[in-house]
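[1] build the 3D model from these lines:
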Amino acid sequence: MTQTLISHNLGFPRIGADRELKKAQEAYWRGDISQAELEATGRELRLKHWQLQADAGLDLIPTGDFAWYDQVLTLSATLGNIPLRHRKSHILAGDTAHPIHEGCCSAHSNAQAQAASSACNDIDLDTLFRVARGRAPSGAASSASDMTKWFDTNYHYLVPEFHPNQEFTLSWTQIIDETAEAIAKGFAVKPVILGPLSYLWLGKEKAEGFDRFDLLENLLPAYQQLLQALADTGAQWVQIDEPILVLDLPTKWQQAFERVYHSLKHPQLKILVATYFGALGENLSTAINLPVAGLHIDAVRAPEQVLTVVDRLAAHKILSVGIVDGRNVWRNDLQKSLNLLHTAQTRLNDRLWISPSCSLLHSPVDLNRETKLDSDLKSWLAFAKQKVQEVVSLKTLLVRPFDAIAQQELGASNAAVLARSLSPKIHNPAVQARLSGVKPTDAERKSIFAQRIRQQQAILGLPLFPTTSIGSFPQTDTIRHIRREFKQGDLSAQDYEQKIRAEIADCIARQEKIGLDVLVHGEAERNDMVEYFGEQLDGYAFTQYGWVQSYGSRCVKPPIIFGDVSRPFPITVEWARYAQSLSSKPVKGMLTGPITMLFWSFVRDDQPRATTALQIALALRDEVVDLEAAGINVIQIDEPAIREGLPLRDSDRAAYLKWAVFAFRVCASGVCDATQIHTHMCYSEFNDIIKAIADLDADVITIETSRSDGELLQAFEDFNYPNDIGPGVYDIHSPNIPEVDNMVNLLKRAARKIPVKRLWVNPDCGLKTRRWPETEAALIRMVASAKILRDLYNHENNFAQYSINANNLVDA
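    Down below sits the predicted model:
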């Protein structure tokens, strides 16, 4: 390829505009379609997305961005890093006592690479699904691998597992095959892989006494094999993502970059190292001095770094400037972008590349399909397809500034930017007045936790190890049909209410039969925990097809916060009041917290996020107060995104946590001491924010601990968390039914440092994605686990001395 100003993309959404991949995945898991049919859907989507980007005019199109579940999991399979418990050979042998060697089947030299790939051929598509879900259409069930947030996004990746002396080798050729597939179709491509240092950083040690960093030298030969295989397809460029270059790195990690990329140099391949989600900061010298052909930087999150990098980059290197926001939906201000790019172009000439800031994985697919959005708002937006076009338009305006079509696009961009800044739809004087009147005391409960909990227990009368669920129950086909009919106008409001009430009554009856202590109404009326509330708040807008992938087949449709937020009327109060009328047990009111409402939406970018968060908090505060007035004594305010919003740099974190905690407390502090406030967090690392979590001052927090083997509980134990806590005792994302002894032992572990009287028993997340038979079976076992623990505690008052095999004590 002749060197010229290049437009390219870092990654495209894989799910499809109609969630075709999700639907095919779930149909395959149910047994409704064959694996060949699933693979055909994948091929169709890849070709469609490559063609879309080529038609837009991109010079280089990414491959390797497609994944059957998660791109990190795909790379783990590529490198042969699949846990033994998920491998075909292990499952067929039934060998649970096999010595742990969780990387490749055996050690191999470079000369044996091709043979090694065959020898390690015990990885197939179902293997990936067993890693991700604990179950697949073939093979035995096993515990799924841990899953956590991808940097500060709402995307979840499968955490690689590492063991001492682990070997790696090329074992799964998906990335290679798809690159060859695209080249055969005539596309100019750039394969995308996660770099070795970021891959190691994002994993975790599965044995004590070693540092995964020490596996680096073992890992590099597998990367060399992969690069050779990509070169053999005819690829000329490869994009190696090293997003950890925007983090605060220990010295040894920072210093390893140069030798790693010296070892990865390849005579047939040019390497573009991609960084995103922030500024290079103190890693700037490391990044610009890497022995590679080019560097990609994020000019949306960190526009201030562009000219510094331009000045210091070697004269032979490419600089890719990520100028179009890959993580939000706002239309690019083309003129503002051009001002920055012109300066860079003057110094770099044809060494300038243009792209989105990061992969478009985090963006919906196509704005053109939205027919119900307000026309003004729609003119302010861009989804993945439009963002690709923006990249191409910027290139055109740089190389052919008088191109008629590009000039027309520039004019439309300027008009949209001006119209948005002046629109009365954005600003609400009443909201701004209320915001200015907020006082520090608005974020304080009347009494400290020790006093509140006594009042709450007197009213609720809960046993030791009280049992509850996180909120949602199975979203059945019937429930979805009811909501769809109502939304389409085929069901009257009266009939809709009657049908949803029947679903709530059924959910309450099932929970009472199971024996749960604190019930929920099941959320039959809700499509999504953020979308449902946003639909009923002023300042939010909603799309028809704005789906993005959260993990695997789980897709969400984030609302768009375009203006000042307020609550025009109560949202959940009547549903909660009805549910409570059906039981003498407490029924939780269920809300999504202000920080999650912020970060799981596409947020306006014309004011500080702290301001928007406080607006949401005030709106939800009204709902909390109204729930209490309706006789709801337990109110859960979910905040699974609070860790997700944590800035990547330590220096930025204190300010964020201050306003995030304040917003939550404003939301939760309008009630009396006797009302019990719960919150829920999941699939995040808590160690570095544990004090802030305590500062939220929720009476009860429920957390995910099962998938991480209780590791996430360690932060709460070490910190001596002061309030009640419910460690999630089983993984709801797996269809496997949990074992009673596993749940009992997890709670026994928790009780080593957390007083028994402050422990709750619950799943690790909501149950909307599960089916009723597995849900009821799992909850019956969970309730049995709580009963075992109560009996042991009441008999001896020191059950930690017991060695429990709970399956021998109860037939669950």
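[2] all the helices of the stretch 201-350 of the chain, in order from the start?
    Assigned by DSSP state H, counting those that start in this stretch, the helices in the stretch 201-350 of the chain fall at 216-233, 251-263, 284-288, 306-312, 334-348.
[3] what comes up buried for the longest one?
    Read it as helix 216-233. Buried residues in helix 216-233, counting neighbours by 16 or more other C-beta atoms under 10 Å, are found at 216, 218-231, 233. For every residue, glycine as well, the C-beta is placed using N, CA and C.
[4] average pLDDT across it?
    Mean pLDDT, computed over helix 216-233, is 98.
[5] name the SS class of Ala17, please.
    Using DSSP: H, G, I helix; E, B strand; the rest coil, the structure places Ala17 in coil.
[6] ok, it touching Thr543?
    No: counting by C-beta atoms under 8 Å, Ala17 stays clear of Thr543, with 11.6 Å between them.
[7] low-scoring stretches of the stretch 201-350 of the chain, by residue?
    Filtered on pLDDT under 70, the stretch 201-350 of the chain yields no residues whatsoever.
[8] was I right to think Ile323 contacts Ile354?
    Yes: using C-beta under 8 Å, Ile323 and Ile354 qualify as a contacting pair, with a distance of 6.1 Å.
[9] who touches both of those two?
    Between them, Ile323 and Ile354 share the neighbouring residues Leu341, Val391, Leu394, with contact defined by C-beta atoms under 8 Å, 6 or more residues apart in numbering.
[10] all strands of the stretch 51-200 of the chain, in order?
    Counting by DSSP state E, counting those that start in this stretch, the stretch 51-200 of the chain forms strands over residues 61-63, 147-149, 156-158, 161-162, 189-194, given from the N-terminal end onward.
[11] redo those as TSV? Include mean neighbour count and distance to Ala302.
    Formatted as TSV, these follow (neighbours: other C-beta atoms under 10 Å; distance: least, C-beta to C-beta, whole Å):
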stretch	mean neighbour count	distance to Ala302
strand 61-63	25	22
strand 147-149	22	20
strand 156-158	24	23
strand 161-162	24	30
strand 189-194	25	21
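[12] how about those strands in JSON lines, adding distance to Pro243 and mean pLDDT?
    Rendered in JSON lines, the data for the strands of the stretch 51-200 of the chain read as follows (distance: least, C-beta to C-beta, whole Å; pLDDT from 0 to 100):
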{"stretch": "strand 61-63", "distance to Pro243": "15", "mean pLDDT": "98"}
{"stretch": "strand 147-149", "distance to Pro243": "13", "mean pLDDT": "89"}
{"stretch": "strand 156-158", "distance to Pro243": "11", "mean pLDDT": "96"}
{"stretch": "strand 161-162", "distance to Pro243": "19", "mean pLDDT": "97"}
{"stretch": "strand 189-194", "distance to Pro243": "8", "mean pLDDT": "98"}
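[13] between those strands, which gets nearest to Gln456?
    Comparison of those against Gln456 by C-beta to C-beta identifies strand 147-149 as nearest, at 31.6 Å.
[14] and the closest one, how far out from the chain's middle?
    Between the mean C-alpha point of strand 147-149 and the mean C-alpha point of its chain there is a distance of 6 Å (C-alpha atoms, centre = their mean, to the nearest Å).
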